[in-house]
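> predicted model and sequence below, questions to follow.
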Amino acid sequence: METIQNAKAPTVFISYSWTTQEHEKWVYDLAERLRFSDGIDVKLDKWDLKEGNDKYAFMESMVTSPEIDKVLIICDKGYQDKANANKGGVGTEKLLITPEVMENVEQTKIIPIIAERDKNGKEYMPTFLKTRIYIDLSDDDFFEENYEKLVRTLENAPLYRRPPLGKRRVFKDQETISYYKSANIIRQMHRAIDFNPQKLKHLATSFVDNFFEDLEQLSLTHSDFNTNEPDEKVMEKINASLPIRDSFIEAVKLLSENDKIETEWIVDVFERIYGFTEFTGTGTFYKMQCDQYKFLISELFLYTCAVLLKGSQYKVLSELLKSIFLFETKNGNREGDFTYLKFYLQSLEVRNERLNLRKISLQAQIIVERINNKFVNKQELLDSDMLLFYLSGLNNTSDSGGRWFPVTYIYREFGEHIKFLTRLKSKRRAELTRDLFSVASIEELKKIIATYSHAEGYGYGNSGNRIPTIQAYIKAEEIAINP
């Protein structure tokens, strides 16, 4: 099918009113996203108008220049009032724009963007633009959908035309990512931090609802599978889960950094998400049909703990690791601890063998390849994996005798320290972290470290690299030797 997308990046000027600091930031964020994320060459006074420039000459060149493909007019109450009264820079821009609007009723250079509505839900829009079709970005619930419409309009890439392949944005692949609802809530959480931190708790609840809707997009049916390579679809969904994973971890990070993180919120998520690990429909199904969810759940829990550990949220992490979960299953709730969030992934075993990858653990390799340094770096994630193993043994979290298996331990460098354990040499740090080890004193902590052990040769059977005991990282007599 013929494409009509622009051959070059579109150039866009944004006209707006300096109404409030919050509104200016909203405009700046929009301009930055268009330019950085979507390759739109945005012209904005904040980065294009310098000291000593003639601001009126700048406005005129932006509105009348043939090099400017589109003019986005950000309509809020401030812009409407100033334009209708011909006041300030907005009034000047209105006088320049009006001929463009009036002389050619068919032209599409001017695009009104609704950023605000009144208490009755009516859009703020200056009189000279009343007949123009606008794009509405005023409603957070529909922001992502309408932002997509805006980008397509600027790119001259209608929804039902196949976009060209290349380095620039490929819409067919991007649509799934763009419409993940949880990403929209993350944007609202960032705005709340700047202007209304008390709203974070409410947004955390909204995030979970949207997060679970997003998870539905990762589901597979029996008919999706190719019997000769059944692992391909699972791998495809694991790859597609990346933005969903990042949205969840970013929510945990934002709540943690602003002291709004609650253990029950995390527990509720993992209790609910467990239901995705089993087939609940009718008819034929593959045993590996839910492996993409099993992979994601283990990864999410590992990242969650790593973020809490990095943020020194020891109380929340301690409560989480000692929580009894009532996991939702098709046969009712199943009681268990955090070690139940580790799963055998048949699909990755099949893939490892089918493609002759010869990986000790394909699951571990994928986790390491997907590390997002925005949240934690490689060492922090691998450290957390090991700590979950040790803590599950020290705290005897599982009645069944199971424990968290640190799948990524084979990616640790020989002799590499676990920073958290090394820092136990500080008395202050050791005191802060006693709850994690379920001890009441430093002496008790020294005792359980001294007596800790696990089965000799514990680790992957196909690797000579075994999991060291905790004493390889911290000896009992080294605990609290420094202030």
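Now that the structure is in, tell me what you want to look at.

> make it CA atoms for all contacts and neighbour counts henceforth
Will do.

> show me what the biggest helix by length in the chain is packed up against.
Taking DSSP state H as the criterion, the chain has its longest helix at helix 291-310. Contacting helix 291-310 under the criterion 3 or more Cα pairs under 8 Å, 6 or more residues apart in numbering; DSSP states H and E are the following elements: helix 231-240, helix 242-257, helix 314-321, helix 378-394.

> would you turn those into JSON lines with distance to residue 300 and mean neighbour count?
Listed next are the helices and strands packed on helix 291-310 as JSON lines, based on distance: least, Cα to Cα, whole Å; neighbours: other Cα atoms under 10 Å:
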{"stretch": "helix 231-240", "distance to residue 300": "12", "mean neighbour count": "18"}
{"stretch": "helix 242-257", "distance to residue 300": "7", "mean neighbour count": "20"}
{"stretch": "helix 314-321", "distance to residue 300": "14", "mean neighbour count": "19"}
{"stretch": "helix 378-394", "distance to residue 300": "11", "mean neighbour count": "21"}
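
> could the ones you listed go into CSV alongside mean pLDDT and distance to residue 224?
Formatted as CSV, the helices and strands packed on helix 291-310 follow (pLDDT from 0 to 100; distance: least, Cα to Cα, whole Å):
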stretch, mean pLDDT, distance to residue 224
helix 231-240, 94, 7
helix 242-257, 96, 20
helix 314-321, 95, 36
helix 378-394, 95, 33
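
> adding distance to residue 124, write the ones you listed out as JSON lines.
Below are these laid out as JSON lines (distance: least, Cα to Cα, whole Å):
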{"stretch": "helix 231-240", "distance to residue 124": "38"}
{"stretch": "helix 242-257", "distance to residue 124": "32"}
{"stretch": "helix 314-321", "distance to residue 124": "45"}
{"stretch": "helix 378-394", "distance to residue 124": "48"}
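
> these: which one's closest to residue 142?
helix 242-257 (17.7 Å; Cα to Cα).

> right, and the helix or strand after the closest one?
Tracing the chain C-terminally past helix 242-257 and defining elements by DSSP states H and E, one meets helix 263-273 next.

> pLDDT weak spots in this protein?
1-7, 89, 91-107, 158-179, 396-401 (pLDDT under 70).

> give me the most central residue, it.
residue 247 (2.1 Å; Cα atoms, centre = their mean).

> residues in contact with it?
Applying Cα atoms under 8 Å, 6 or more residues apart in numbering, one finds that residue 247 lies in contact with 182-183, 186.

> can you check residue 314 too?
Contacts of residue 314 (Cα under 8 Å, 6+ apart): 308, 432-433, 435-436.

> can you tell me which of those residues are buried?
308, 433, 435-436 (16 or more other Cα atoms under 10 Å).

> the residues you listed in helices, which ones?
residue 308.

> okay, among the buried ones among the contacts of residue 314, which ones form the most distant pair?
Top of the distance list for the buried ones among the contacts of residue 314 (Cα to Cα): 308 and 435, 14.0 Å.

> one step back: mind checking which of the buried ones among the contacts of residue 314 land in strands?
The members of these all map outside strands under DSSP state E.

> now tabulate the buried ones among the contacts of residue 314 in CSV and tack on distance to residue 427.
Formatted as CSV, those follow (distance: Cα to Cα, whole Å):
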residue, distance to residue 427
308, 21
433, 10
435, 14
436, 15
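
> related to what we said a few turns ago, turn the contacts of residue 314 into CSV, including distance to residue 293.
Output for those, formatted as CSV (distance: Cα to Cα, whole Å):
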residue, distance to residue 293
308, 22
432, 35
433, 32
435, 31
436, 28
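
> just give me the closest of these to residue 335.
Taking those together and measuring to residue 335 by Cα to Cα, the closest member is residue 436, at 21.5 Å.

> from what I can see that closest one touches residue 318, true?
Yes: Residue 436 is in contact with residue 318 according to Cα atoms under 8 Å; the separation is 4.8 Å.

> picking that back up, mind listing which of the contacts of residue 247 are in helices?
Using DSSP H, the contacts of residue 247 in helices are 182-183, 186.

> write the PyMOL selection for whichever of these are buried.
Selecting only the buried entries of the ones in helices among the contacts of residue 247 in PyMOL, with 16+ other Cα under 10 Å as the criterion:
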select buried, resi 182+183+186
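
> give the burial count for residue 429, as a bare number.
Residues near residue 429, counting by other Cα atoms under 10 Å, number 18.

> I misspoke; the intended subject was residue 481.
10.

> okay but it is in contact with residue 425, surely?
Yes: between residue 481 and residue 425 there is a contact at 5.5 Å, judged by Cα under 8 Å.

> and residue 208, how close does it get to residue 269?
7 Å (Cα to Cα, to the nearest Å).

> which one's more surrounded, the two?
Looking at residue 208 and residue 269 with other Cα under 10 Å, you find the greater number of neighbours at residue 208, namely 19 against 15.

> dump the residue contacts of that one.
182, 269.

> from here on, call the first residue 798.
With the count now opening at 798, the last piece we talked about shows up as residue 1005.

> that one looks like it's in a helix, true?
Yes: counting by DSSP: H, G, I helix; E, B strand; the rest coil, residue 1005 falls inside a helix.

> for residue 914, what are phi and psi?
phi -130, psi 160 (degrees, to the nearest 10).

> what's the neighbour count on it?
Every residue meeting other Cα under 10 Å relative to residue 914 is counted, giving 17.

> quick check: it touching residue 934?
No: with contacts counted by Cα under 8 Å, residue 914 stays clear of residue 934, the gap being 10.2 Å.

> one step back: between the ones in helices among the contacts of residue 1044, which is nearest residue 951?
residue 980 (22.1 Å).

> so who does the closest one touch?
Counted by Cα under 8 Å, 6+ apart, residue 980 has contacts 1041, 1044.

> quick one on the thing from earlier: between the helices and strands packed on helix 1088-1107, which one is nearest to residue 1141?
Per Cα to Cα, nearest to residue 1141 of the helices and strands packed on helix 1088-1107: helix 1028-1037, 13.8 Å.

> by contact count, what packs against the closest one?
helix 1088-1107, helix 1143-1151.

> now render those helices as JSON lines, adding distance to residue 941.
Shown next, in JSON lines, are those (distance: least, Cα to Cα, whole Å):
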{"stretch": "helix 1088-1107", "distance to residue 941": "24"}
{"stretch": "helix 1143-1151", "distance to residue 941": "34"}
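
> okay, those, which one's buried deepest?
helix 1088-1107 (a mean of 22; mean count of other Cα atoms under 10 Å).

> next, the angle from that helix to helix 1111-1118.
150 degrees (axes from the mean of the first three to the mean of the last three Cα atoms, to 10 degrees).

> can you list the residues that contact stretch 1061-1081?
So stretch 1061-1081 is in contact with 1005, 1009, 1019, 1082, 1086-1088, 1090-1091, 1094, 1117, 1120, 1122-1127, 1138, going by Cα under 8 Å, 6+ apart.

> contact partners for residue 1274?
residue 1243 are the contacts of residue 1274 under Cα under 8 Å, 6+ apart.
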